[in-house]
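# Got a sequence here, can you build the structure:
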Amino acid sequence: MSVMDYKRITIVCGHYGSGKTNLALNMAYEQKAAGLNVSIADLDIVNPYFRTKDSIDELNRRGINLICSDYAGTNLDIPALPDEMYAVTDRKDENFVLDIGGDDRGALALGRLAPQIIAENDYSMIAVVNMYRPLTRDCLSTVEVLREIEYAGGINFTAIINNSNLGTDTTASDVKKSVDYAREISAMMKLPIIATSADARLKGELDGEIDDLFYIELQNSLVNKEC
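Now for the predicted structure:
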């Protein structure tokens, strides 16, 4: 049974390198496997490197639609949303996972959809935290980044996922050491921790050690960039 209780729209945010893209992909995979009609949308219109599109072959294999800019994967920086992005708020019979840009500028695109998302009130806004990234090693710095994203995107976070990892070098001990960090952020922001994510290969070492574990696949195209 999954630890996730998915709303129609799941918004995944975090600083660059937090692992938000890999989490967003795994959330879409899980919903599809459960028989839900789900698409993933990459709303990062600032960063010209669109990691979600790196997994397009896997998304196609699983029958998951990807919505992103036509300029994804190019070196062009076009601050515009494709028309298809408005399907997120228009197609009420479909679930969406939104991968949001990794800072306040990257979250600006979310602000264009925020009023409709809030009005429908069937969403989760997930803060992805990772204590092993240079700019979010301490709780105060992490909370500052998350507050900037909230302000730019126009939606407050509803929950936290602890995704502290060192990519393919992550050990079970690394995951365990991050629990107190996530708890402190949870207390500071008054938000629940809904999951601690970990590479599925660590399942045998972590089962029973941490509550609400969300085991994920590391995408081949992402393991050396963002996990």
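
# Can you tell me the strand partners of the helix or strand containing residue 98 and which way each runs?
Assigned by DSSP states H and E, residue 98 belongs to strand 95-99. Paired strands of strand 95-99, with direction, are strand 9-14 (parallel), strand 38-42 (parallel) (DSSP bridges).

# Now tabulate the ones you listed in TSV and tack on distance to residue 128, mean neighbour count and mean pLDDT.
In short, each C-beta sits where N, CA and C put it, glycine included. Below are these laid out as TSV (distance: least, Cβ to Cβ, whole Å; neighbours: other Cβ atoms under 10 Å; pLDDT from 0 to 100):
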stretch	distance to residue 128	mean neighbour count	mean pLDDT
strand 9-14	3	27	95
strand 38-42	15	25	93
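
# how about TSV for those, with distance to residue 155 added?
Shown next, in TSV, are these (distance: least, Cβ to Cβ, whole Å):
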stretch	distance to residue 155
strand 9-14	7
strand 38-42	15
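
# To residue 108, which of those strands lies closest?
Among these, the nearest to residue 108 by Cβ to Cβ is strand 9-14 (12.1 Å).

# what about dumping the CA coordinates of the helix or strand where residue 148 lies to PDB?
Here residue 148 sits within helix 139-153, counting by DSSP H and E. Presented in PDB, the C-alpha positions along helix 139-153 are these (Å, rounded to 0.1, in the frame of the first residue of the first chain):
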ATOM      1  CA  CYS A 139      16.900  23.900   8.200                       C
ATOM      2  CA  LEU A 140      16.800  27.700   8.200                       C
ATOM      3  CA  SER A 141      18.200  27.900   4.700                       C
ATOM      4  CA  THR A 142      15.800  25.300   3.500                       C
ATOM      5  CA  VAL A 143      12.800  27.000   5.000                       C
ATOM      6  CA  GLU A 144      13.900  30.300   3.400                       C
ATOM      7  CA  VAL A 145      14.000  28.700  -0.100                       C
ATOM      8  CA  LEU A 146      10.500  27.100   0.500                       C
ATOM      9  CA  ARG A 147       9.000  30.400   1.600                       C
ATOM     10  CA  GLU A 148      10.300  32.100  -1.500                       C
ATOM     11  CA  ILE A 149       8.700  29.400  -3.700                       C
ATOM     12  CA  GLU A 150       5.400  29.700  -1.900                       C
ATOM     13  CA  TYR A 151       5.400  33.500  -2.400                       C
ATOM     14  CA  ALA A 152       6.300  33.200  -6.100                       C
ATOM     15  CA  GLY A 153       3.900  30.400  -6.900                       C
END
